[in-house]
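In: sequence and computational prediction follow.
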Amino acid sequence: MRKLLESDSLIQINLIASYLQSNGVTTKILNEHQSSIRSVVSFNRPVHPELWVHPEQFEIAAKLVGRYQHDQESNDSSSEIEWLCKKCKESNPGNFMSCWSCGGLN
Ligand SMILES: [Zn+2]
């Protein structure tokens, strides 16, 4: 197995793992129970959950993670606050670069 990524958020690791699995990638999560062993194993260094994949699937997994994170980002930007067009006063979603109505720039 090869380490794909680590995160301080186990929720995010689990989300990415299930996303990869739905795309046919076998995943393994290490340090899943970090909170219970942290005080014993690593005193000063926090142990983050790690996502591991099969070396043969590493490249496709890395691409899938990139796509997954890109999707997350575009979802975020679509929920941005609307802006008002200076020309025609129409309101536009935050991810629109130019006005849907008249094409004026934000
Ligand atoms: Zn406009």
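Out: Sure thing, it's come through. Residues are numbered from 1 along each chain as shown.

In: quick one, phi/psi of the nearest residue to Ser98 once chain neighbours are set aside?
Out: Once flanking residues are discounted, Ser98 sits nearest to Leu105: 5.2 Å by C-beta to C-beta, 6 or more residues apart in numbering. The C-beta positions use only the backbone N, C-alpha and C, and glycine is treated the same way. Dihedral pair for Leu105: phi -80, psi 150, per degrees, to the nearest 10.

In: need the contact list for Leu105.
Out: Applying C-beta atoms under 8 Å, 6 or more residues apart in numbering, we find Leu105 in contact with 97-99.

In: with Asn106 instead?
Out: 83, 85, 92, 96-99.

In: quick check, pLDDT for it.
Out: As predicted, Asn106 sits at a pLDDT of 78.

In: who does the residue nearest to Glu82 when sequence neighbours are not counted bridge with?
Out: Counting by C-beta to C-beta, 6+ apart, Glu82 lies nearest to Ser91, which is 4.6 Å off, once chain neighbours are set aside. Beta-bridge partners for Ser91, by DSSP bridges, are Leu84.
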